Structure formats: structure tokens, C-alpha cells
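Asks: Pasted the sequence and its predicted model underneath.
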Amino acid sequence: MSSETARTSTVTWRDVPKSVWALGLVSLLMDVSSELIHSLLPIFLVTVVGASTTIVGLIEGVAEATAAVAKVFSGALSDRIGKRKLLVGIGYGLAALTKPVFPLASTAGEILAARFVDRIGKGIRDAPRDALIADITPPAIRGAGYGIRQALDTVGGFAGPLLAMALMVLYANDFRAVFWWAAVPAVLAVLLLVAGVQEPDGVKATAKRGWPIRKQELAHLSPAFWMVVAIGMVFTLARFSQAFLVLKAQAEGLALALIPLVFVWMNIVYALTATPAGILSDRIGRGKLLLCGLGALLIADLTLAFVPGLVAVFIGVGLWGLYLGLSQGLLAALVADTAPEDLRGTAFGLFNLVTGLALLIASVLAGWLWQAFGPTATFLAGAVFSVLAALFMAVGMKAALKPAT
């Protein structure tokens, strides 16, 4: 134990494999593309297309649930063939192909269809990508590896909205003209993946026939893994779609061209905390940091629910970003910690299925509460779920910390 502690205490960015950095840069480019659109999409839906907040929540929830279902199949398939890069490439390629649909769409149904296909691409790529990181990263620096990929992804998460802001000024608030630019970083992401990511040799493949997830495979997933799934579900119920942060900022009077600042600020905080949180979790454990993340989310929701004004919005958004930095990479690391090596893709797929369905429920509920009772009810519900998640963790975290055998 002492030798492992000594190793992790000297981890630097140089210790993380180059392919993890490449995957992080691919995520960065695709996030620039996606967030250029998504930072404006809720306002585009409400003000241009004429959709209600319930429809906004439904579109976001269905999109994430679609990705979650696809992740189950792609994760299991990547285990079966022992090759993950191919599926990652297909997923990023499909997402790139959908980007031109958004500037052409004129109805909520068309936006839903574009988001549906885009999220299928995300679902195909995410579980194999997360499993690939586990394949190529030594266990002693696994938290750092996931934290770095998450941080680079999040850099794209604030670079995309910044680009959206600049383009909104350049094109005089013409949403469609801005959306066309999303195709450029998407194509670059696919090219970098092909050229820059190397898949390791010797990854064990499982059986190649039958239903993607079989009883025999489920039996090899430990109780600790299922506890991680349950923890991920309650965490996700506390975190509905970020589209409602954008709608809250607009409701408090933020100018249209400045709306992407919401995502910029949230993702700056997210990016600055994700890597340190991953490294620190390798040293002190994941549980304490996850509870700190829930505390940040609780304060964020209460601030957004009860404190008026744009200053309060940006305080709440910053705390929301802190929650993401203290939770998302750590939950992925917990899945890798508790899943058998030959079932990592399956494990990530199952985890993402459950959390994606939870996000669908949370987002639809958030949209309905907003439309029926106003934004205070939406964020108050998030605060209640945050408290419930913390209580659940208090009794369930010990089981989740047991590593896979």
C-alpha cells in the first residue's frame, strides 16, 4: 500500500499515455462542435422554433437516453471483439455527419431527430472510449487519466460557447449561420482520432455470439459495481439537463448574444477541477470528493431557486461546474475500479444506460415543473434530489470502493 501511495503521489501529466491525451483532444474538438450548437439550442427552440420548456426537457432527455441505450450495445460489442477504436471512430463520425442538420431544421421534430442521431453517435463511442482509457492507463494513475480526458473535453465545453458568442456578434444573432460552423471541429476530431489514437495489443475478447449482455456476463459483475450504478443513478436524478441553466439566465435578462457565457463559465470551472479531482481521488479515495460535489450542487440549486439576478445565476452555474468536476470523472473511475477487465465496455454501457434513463426522467420533470410552476420549482427539485443522493452515498459508498477481482 505504501509503495502505491508513493507512486501516485508523484503523478504528473507526463505519466499519462499519449493516446489518452489524443482521446482528450478528440473530445475537445467534438465538444467545441457540439457546444457551439447546444449553448444556443434551448433559446433557438423557445424563441425561433416556438417550443415549450417541456418540449426542451423532452428533447434533451430523449437525446441522452438514446445515447445511453446505444452505449450498452457498443460497450458490450467492444468487449466481444476486443477492439474499441473502430467503434469510437464510427461514433464520432456519425456525430460529425449530423452537424449540418441543425442549421437546416425548422421544427422541434427536426431538432429532435438531429439530436437523436447525434446521440446515437455519442452512445456508440463513449463506452468503448472509456474502456479504452482503462485498457491503456495503469491503475495507479487511472483517476488522473480520466480526469485529464474529462478536463480536455470540458475545455471544448467552454471554447465552443465562446466561439458561438463571437459568431453571434459577427452574424447579428443569426442562429442558423452560427450553427454551420460546427461542422469544422467535428471533422477535425475524426481525423485526429484516426491518426493519433493507438489501441493496445492483448485486450481480451469475450464470446462473440448471442445477445449483447448475457446472464453469464452479468453474474461476473460484482455487487460493488452495481452499487456504483445505483450511486450514478441518484447523482443523475439530481442533475437535469444544463439547458435549464441557459433558460434561467435568459429569464434573468442576459442578452441573447451573451447566452453562451453560461456554458463558458460552467465549463471553465469544470475543466479547472476535473484533473485535480481525479489525481486527488487516486490518493484519498473517490467518496469524499463525490460528497463534496453533491454539496456544491445543493448550494447551486438553492441559489438558482431563491436568489434573483444574474450574479446569482453565475454563482449557481459556477457551483454546478464544480459539481461536475468533482463527480463525472470520478464516477467513470469507479466503474473502471469495480468492473472486470474483460467486461469494462459492458460495465460502462450498463452504467450509462441507467444514468441516461435517469437523466431523461430528471429533464422531463424539470421541464414540466418549469412550465407549470416556474424555475424555482425546477431547481428546488434538484436540491431535494441532491440531499437524497448524499444520504444514499452515506450508506452505499463502502461497497463501491471494493475493487473488481
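Replies: Ah, there it is.
Asks: quick one, what contacts the residue most central in space within the chain?
Replies: Note on the chain: the residue nearest the mean C-alpha position is Gln328, at 6.9 Å, using C-alpha atoms, centre = their mean. If a contact means C-beta atoms under 8 Å, 6 or more residues apart in numbering, then Gln328 has Gln150, Ala274 as its contacts. Every C-beta, even on glycine, is put in place using the N, C-alpha and C of the backbone.
Asks: Per-residue confidence, the closest residue to Pro375 other than its chain neighbours, what does it come out as?
Replies: When the adjacent residues along the chain are set aside, Pro375 lies closest to Lys248, with 5.5 Å between them (C-beta to C-beta, 6 or more residues apart in numbering). Lys248 carries a pLDDT score of 92 in this model.
Asks: Please verify my assumption that Lys248 contacts Thr303.
Replies: No. In this structure, Lys248 is not within contact of Thr303 by C-beta atoms under 8 Å, at 10.5 Å.
Asks: Overlap in contacts, these two.
Replies: Taking C-beta under 8 Å, 6+ apart as the criterion, Lys248 and Thr303 both touch Gly316.
Asks: Which residue, neighbours along the chain excluded, lies closest to Thr376?
Replies: Ala305 (4.8 Å).
Asks: Buried residues of the strand or helix carrying the one you found, list them for me.
Replies: In this structure, Ala305 sits in helix 287-306 according to DSSP states H and E. Burial within helix 287-306, assessed by neighbour count using 16 or more other C-beta atoms under 10 Å, is assigned to 287, 289-291, 293-305.
Asks: Also stretch 133-149?
Replies: Buried residues in stretch 133-149, defined by neighbour count with 16+ other C-beta under 10 Å: 133-137, 140-149.
Asks: circling back: tell me the pLDDT at the residue nearest to the centre of the chain?
Replies: Among the per-residue scores, Gln328 holds a pLDDT of 79.
Asks: Quickly note the distance from it to Val234.
Replies: Computed as C-beta to C-beta, to the nearest Å, the Gln328 to Val234 distance reads 15 Å.
Asks: just to revisit the earlier point, let me know the closest of the buried residues of stretch 133-149 to Ala108.
Replies: The shortest gap between Ala108 and any of the buried residues of stretch 133-149 belongs to Arg149, at 33.0 Å (C-beta to C-beta).
Asks: Show me what counts as buried in whatever helix or strand the closest one lives in.
Replies: For Arg149, the enclosing helix or strand under DSSP H and E is helix 142-170. The neighbour-count criterion (16+ other C-beta under 10 Å) identifies 142-165, 167-168 as the buried residues of helix 142-170.
Asks: cool, and stretch 241-261?
Replies: The neighbour-count check on stretch 241-261 (16+ other C-beta under 10 Å) flags 241-250, 252, 254, 257, 259-261 as buried.
Asks: Isn't Asn362 up against Phe240?
Replies: Quick fix: residue 362 is Ala, not Asn. Yes. Distance between Ala362 and Phe240: 4.0 Å, which falls inside the contact criterion (C-beta under 8 Å).
Asks: more neighbours, the two?
Replies: For Ala362 versus Phe240, neighbours defined as other C-beta atoms under 10 Å are more numerous around Phe240 (30 against 23).
Asks: Does the more buried one touch Trp368 like I think?
Replies: No. Under the criterion of C-beta under 8 Å, Phe240 makes no contact with Trp368, lying 10.9 Å away.
Asks: list residues touching both of those two?
Replies: When C-beta under 8 Å, 6+ apart defines a contact, the residues bordering Phe240 and Trp368 alike are Gly57.
Asks: just to revisit the earlier point, point out the other helices and strands that the helix holding Ala305 packs with.
Replies: Counting contacts by 3 or more C-beta pairs under 8 Å, 6 or more residues apart in numbering; DSSP states H and E, helix 287-306 is packed against helix 223-237, helix 261-284, helix 310-325, helix 328-338, helix 375-400.
Asks: looking at those, which is closest to Val187?
Replies: With C-beta to C-beta as the measure, helix 261-284 is the member of the helices and strands packed on helix 287-306 nearest Val187 (21.9 Å).
Asks: Check which residues of the closest one are buried.
Replies: Those buried within helix 261-284 under the rule 16+ other C-beta under 10 Å are 261-275, 277-282.
Asks: and if you look at stretch 94-104?
Replies: Leu94, Ala95, Ala96, Leu97, Thr98, Lys99, Val101, Phe102, Pro103.
Asks: The first one: which element?
Replies: Element membership for Leu94 (DSSP H and E) is helix 85-98.
Asks: how far is that helix from where the chain is centred?
Replies: 17 Å (C-alpha atoms, centre = their mean, to the nearest Å).
Asks: Same question for stretch 21-37.
Replies: On the basis of C-alpha atoms, centre = their mean, stretch 21-37 is displaced by 12 Å from the centre of the chain it belongs to.
Asks: tell me the contacts of Val335?
Replies: Asp130, Phe225, Val228, Gly232, Arg344, Ala347, Phe348, Phe351.
Asks: Need the pLDDT of it.
Replies: Reported pLDDT at Val335 in the predicted model: 84.
Asks: Excluding chain neighbours, give the residue nearest to it in space.
Replies: Ranked by C-beta to C-beta, 6+ apart and with sequence neighbours excluded, the top spatial neighbour of Val335 is Phe351, at 5.1 Å.
Asks: Count residues in the vicinity of that neighbour, would you?
Replies: A count of neighbours around Phe351, defined by other C-beta under 10 Å, yields 29.
Asks: which of the contacts of Val335 count as buried?
Replies: By the neighbour-count criterion of 16+ other C-beta under 10 Å, these include these buried positions: Asp130, Phe225, Val228, Gly232, Arg344, Ala347, Phe348, Phe351.
Asks: pretty sure Ala296 contacts Tyr323?
Replies: Yes. Taking contact to mean C-beta under 8 Å, the distance of 4.4 Å between Ala296 and Tyr323 places them in contact.
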